[in-house]
Structure formats: C-alpha cells, structure tokens
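K.L.:
Output the structure for:
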Amino acid sequence: MTSDSSSALAELERLRASIDNIDAALIHMLAERFRCTKAVGELKARSSLPAADPNREARQIERLRQLARDAHLDPDFAEKFLAFVIREVIRHHEAIAAQANGSHE
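P.N.:
Okay, the predicted model is just below:
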C-alpha cells in the first residue's frame, strides 16, 4: 500500500466516523421530534382537532426550504424529506385519534 493510499484510507475513516456521528445525531433528533409530535397528536385527539394542518405544513415547508437554501442544501431534497416526516406524523396523529375515539365508545 502506498503512502497516498494509506493517507486516503485514514481520511476515509475520519470522514466515515463523522458521518456515523451525524447519523446518530439525526436519529436522536428525529426521535425527539416524534416525541413532541406525539404530544401534539394526543392534544389534538383530546381537543377533537384534525390530524393534519395544511396551513402549518405549507409554512413549515417554505421555512425548511429557506433553511436549506441558507445551508446550501438542495431545497427540493429538504422538502421531500420534510414531506416524508409530515406524512409519518399525520399517520401517527390519525392512529392516536382513532385510539382515543375507540376508548370513548
């Protein structure tokens, strides 16, 4: 193995370690976000509010697109990512509402 190859492999390992740390942070942040959105879903269910809030979702998407632009991240990618998260949140809110409605019958 050449010195260049050894150097490249060391750099690769350093970069991969950073990626692994970022992935772990993302998972923990998503878990915290879903803990918060679960509380929102429970509050909505208790208050008979709809699971989805299209106005808030539109504001959040535009906010995230601007954050992405500021961070030099593709805003389309950021929007797709948020749309996926929002779909999951709404699915969870609907399940919470269904469970709450079932427990009142």
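K.L.:
how many neighbours does residue 65 have?
P.N.:
Using other Cβ atoms under 10 Å, residue 65 is surrounded by 17 other residues. C-beta coordinates here come from the backbone N, C-alpha and C atoms, glycine included.
K.L.:
Verify the stated contact: it with residue 78.
P.N.:
Yes: Residue 65 lies in contact with residue 78 (Cβ atoms under 8 Å); the separation is 6.1 Å.
K.L.:
Now do residue 96: how many residues are near it, please.
P.N.:
Residues lying near residue 96 (other Cβ under 10 Å) number 21.
K.L.:
In which helix or strand does the residue nearest to it when sequence neighbours are not counted reside?
P.N.:
With sequence-adjacent residues excluded and distances taken as Cβ to Cβ, 6 or more residues apart in numbering, residue 96 is closest to residue 41, at 4.1 Å. Using DSSP states H and E, residue 41 sits in helix 3-46.
K.L.:
Following the chain past that helix, name the next helix or strand.
P.N.:
Counting by DSSP H and E, the element after helix 3-46 in chain order, helix or strand, is helix 54-70.
K.L.:
pLDDT (mean, whole number) over that next one?
P.N.:
In this model, helix 54-70 has an average pLDDT of 95.
K.L.:
The helix or strand following it: how far from the chain's middle?
P.N.:
Remark: after helix 54-70, the chain's next helix or strand is helix 75-103, criterion DSSP H and E. Taking Cα atoms, centre = their mean, to the nearest Å, the mean C-alpha location of helix 75-103 is offset from the chain mean by 10 Å.
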